[in-house]
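> sequence plus the predicted model coming up.
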Amino acid sequence: MGASSFRRPRDCTIPELLARLVAAFPDAEALAWPSRAHRRTFAQLDQESLEAARAFAAAGVGRGDRVTLWAENSPEWIVVQLALARLGAVLVTANTALKPPEIEYLLRQSRSCGVVRDAGGDANPRAAALAQVRARLPELRFEVELARAGAAPVAAPALAWPAFLAAGARVDAAALRRGEAALAPDDVINMQYTSGTTGFPKGVMLSHRNLVNNAWGIGTKLDYRPGERLALTLPLFHCFGCVVGTLGAFASAVTLCGIDRFDAAAALDLVEAERCAILYGVPTHFRMLVEEQERRPRNLASLRTGIMGGAPCPEQLVRRLVDELHLPQMVAAYGLTECSPGVSINDPDDTIERRATTVGKPMAETEVRVVDPAKLREVARGERGELWVRGHCVMKGYFEQPEATAQVLLPDGWLRTGDLAVHGADDYLRIVGRLKEMVIRGGENVYPAEVEEALRRHPSVRDAAVFGVPDERLGEDVRAAVLLKEGAAADEAALRDFLRERVSGVKVPARIFVVDAFPMTASGKVQKFRLAEQFGGAPAKRADAGGGERGGPRTEAIENRNVRRPA
């Protein structure tokens with residue numbers, strides 16, 4: 001089998017995907033990690049993941065058992081992902097920023113039998129964090145550290161990765177391979193915990209079919225070609241990273257090129273050195289990449305396409321990606337962890353305006369409907385409502401949380417996303433906000449995404465986040481936080497006047513605060529509930545902080561902490 005006969009796999013297990021890759025491209029480069037001088041062919045990656053699977057089997061891990069992976073990006077991260085899938089075990093991904101109470105919750109709620117981790121950094125040493133909570137985790141049987149060469153010796157009870165692998169020698173490799181044939185595409189093999197932009201996370205159960213078919217759909221839409229190279233700069237613990245990233249590459253026989261963590265300079269260096277054709281990111285990352293390319297231009301002529309997800313993509317930024325990062329086929333996509341994650345995506349030949357204002361059409365074999373969240377009736381095309389999704393992408397449910405599952409996953413297979421959308425007559429989707437983020441100000445609905453896009457058009461504003469805070473008189477009131485461009489200044493009154501010319505008065509925030517940074521998840525999403533906590537304290541009355549047209553309803557100012565005041 002060769003490149004001309006290779007077909008992107010679907011409706012199969014991850015071990016079947018790997019077997020097809022080895023049969024078609026045994027000597028093609030599967031994985032490149034230049035910073036670690038690490039390169040592997042598909043045949044070598046198959047063998048390494050088999051050895052790791054034997055080690056997990058020796059540790060007593062079997063089909064349906066859960067193992068948490070708490071580490072930054074590395075080649076070993078991907079080996080663990082493939083190894084657990086070969087056993088039918090469940091990979092539980094853990095955000096690298098978790099603190100001791102948070103990792104305790106995740107390990108306990110997932111009932112993980114083991115944890116694979118790296119050492120972490122000074123701000124978040126993972127061995128010390130686990131030592132604090134291990135006594136309260138009776139189901140946790142083993143701990144493995146992905147120690148790098150030259151690192152300090154691994155302290156008990158953890159095992160160093162090489163020692164852990166050595167223990168797998170007693171497990172018969174042929175028997176393990178035979179066991180792979182008994183796995184089913186609908187087996188759960190991945191648990192992603194929701195990112196926490198709106199509250200405490202839940203474990204999203206995803207199957208082989210969920211993940212492989214999502215990867216198949218991405219590669220088909222963007223016409224990935226065997227031998228192309230993908231720059232992976234996203235965190236692997238996030239669904240974007242370990243599904244659209246790793247499996248999105250491997251389902252199309254694309255080489256995965258990685259770095260340990262996002263850094264704009266390192267990311268562009270990777271693209272240039274490895275001649276990558278594909279680049280993924282969220283708007284926050286892409287803004288940093290554009291700014292870095294301005295500072296020190298690289299030869300990015302190899303780039304062809306990529307995906308921007310996680311947040312709306314301003315038109316000005318799309319144009320800069322096309323022109324300055326050489327991404328003529330850059331597309332926007334929409335997804336959520338509960339959908340494995342991809343739901344919709346642009347066509348690579350869509351106009352820039354369409355790529356900036358929509359998230360494309362539903363992916364193959366994915367149904368969508370837009371529903372009035374109060375009446376639970378489908379609205380007409382072009383009207384706003386909650387987006388529902390049905391298809392092979394939809395999760396199996398939340399782990400051991402049947403009530404939470406029933407709230408979002410309906411008996412007929414429809415998933416309530418909680419996102420507000422408009423489905424146009426041309427089949428393109430626009431995401432206009434979160435149902436939970438929608439602010440009801442004096443009985444009027446305010447959609448933060450609309451106000452954020454208007455704020456980003458101000459020449460001094462680099463990014464904006466709009467959110468609601470409780471208000472005794474209005475029910476909720478609108479606030480905004482903005483990041484300014486380097487060297488720029490902004491006056492709060494001028495920003496509000498700027499908005500009044502572009503959105504109706506009820507949508508103009510009562511206060512706009514200039515901040516040095518947004519509270520973010522490790523995957524690059526703004527935690528608006530943190531902004532609401534910071535800026536939603538006890539208000540101090542003032543004469544006129546009106547949020548509507550001039551002379552409109554009186555609102556209230558607040559005292560703030562850790563914020564740079566508007567000039």
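On my side now, so go ahead. Predicted model, so just to flag it, every value in this text is computed and none were measured. Numbering: from 1, shown residues only.

> quick check: which element contains residue 306?
strand 305-308 (DSSP states H and E).

> residue 164 now?
With DSSP H and E as criterion, residue 164 is part of helix 161-166.

> what comes up buried for that helix?
161, 164-165 (16 or more other Cβ atoms under 10 Å). Glycine gets a C-beta too; all of them are placed from N, C-alpha and C.

> please name every helix or strand in contact with it.
helix 42-58, strand 142-145 (3 or more Cβ pairs under 8 Å, 6 or more residues apart in numbering; DSSP states H and E).

> poorly predicted segments of this protein, please.
1-5, 149, 195-200, 522-523, 537-567 (pLDDT under 70).

> buried residues in stretch 97-116?
For stretch 97-116, by 16+ other Cβ under 10 Å, it's 98, 102-104, 106-107, 109-116.

> got a list of contacts for that stretch?
56, 59-61, 65-71, 80, 92, 94-95, 124, 126, 129-130, 132-133, 136-137, 139-144, 146, 191, 193, 200-201, 203, 399-400, 521-522 (Cβ atoms under 8 Å, 6 or more residues apart in numbering).

> quick one: buried ones out of those residues?
56, 59, 61, 65-71, 80, 92, 94-95, 124, 126, 129-130, 133, 137, 140-144, 146, 191, 193, 201, 203, 399, 521-522.

> in strands, which of those residues appear?
66-70, 92, 142-144, 191, 193, 203 (DSSP state E).

> mind exporting the C-alpha coordinates of the next helix or strand after the strand holding residue 306 to PDB?
Toward the C-terminus, strand 305-308 is succeeded by helix 315-324 as the next helix or strand (DSSP H and E). In PDB, the C-alpha atoms belonging to helix 315-324 read as follows (Å, rounded to 0.1, in the frame of the first residue of the first chain):
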ATOM      1  CA  GLU A 315     -11.500  39.800  10.000                       C
ATOM      2  CA  GLN A 316      -8.400  42.000  10.400                       C
ATOM      3  CA  LEU A 317      -6.600  39.100  12.000                       C
ATOM      4  CA  VAL A 318      -7.700  36.700   9.300                       C
ATOM      5  CA  ARG A 319      -6.300  39.000   6.700                       C
ATOM      6  CA  ARG A 320      -3.000  39.300   8.500                       C
ATOM      7  CA  LEU A 321      -2.700  35.500   8.800                       C
ATOM      8  CA  VAL A 322      -3.300  35.100   5.100                       C
ATOM      9  CA  ASP A 323      -0.800  37.900   4.200                       C
ATOM     10  CA  GLU A 324       1.800  37.800   6.900                       C
END
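
> quick check: which helices or strands does the very next helix or strand once past helix 315-324 pack against?
Where DSSP H and E defines the elements, the next helix or strand beyond helix 315-324 is strand 329-335. Under the contact definition 3+ Cβ pairs under 8 Å, 6+ apart, strand 329-335 sits against strand 305-308, helix 315-324, strand 342-345, helix 352-357.

> just these: most buried one?
strand 342-345 (a mean of 27; mean count of other Cβ atoms under 10 Å).

> who are the packing partners of it?
helix 208-221, strand 329-335, strand 361-362, strand 366-372.

> so what strands line up beside the shortest one?
Strands flanking strand 361-362 in the sheet, each with its direction: strand 342-345 (antiparallel) (DSSP bridges).

> which residues are contacting the strand it pairs with?
Contacts of strand 342-345 (Cβ under 8 Å, 6+ apart): 214, 217-218, 221-222, 244, 307, 331-336, 359-363, 366, 368, 387, 389, 393, 417, 429.

> one more time with 6 Å
214, 218, 221, 331, 333-335, 359-363, 389, 429 (Cβ atoms under 6 Å, 6 or more residues apart in numbering).

> make CSV out of these and add neighbour count.
Output for these, formatted as CSV (neighbours: other Cβ atoms under 10 Å):
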residue, neighbour count
214, 29
218, 28
221, 22
331, 25
333, 25
334, 28
335, 26
359, 25
360, 23
361, 20
362, 22
363, 26
389, 25
429, 24
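
> of all the residues you listed, which two lie farthest apart?
331 and 389 (18.7 Å; Cβ to Cβ).

> residue contacts, the closest residue in space to residue 427 that isn't next to it in sequence?
Spatial nearest neighbour of residue 427, excluding adjacent residues (Cβ to Cβ, 6 or more residues apart in numbering): residue 361 at 4.9 Å. By Cβ under 6 Å, 6+ apart, the residues touching residue 361 are 344, 427-428.

> of those residues, closest to residue 530?
Among those, residue 344 lies closest to residue 530 (Cβ to Cβ), at 28.0 Å.

> ok, the closest one to residue 284 distance?
According to Cβ to Cβ, to the nearest Å, residue 344 and residue 284 sit 21 Å apart.
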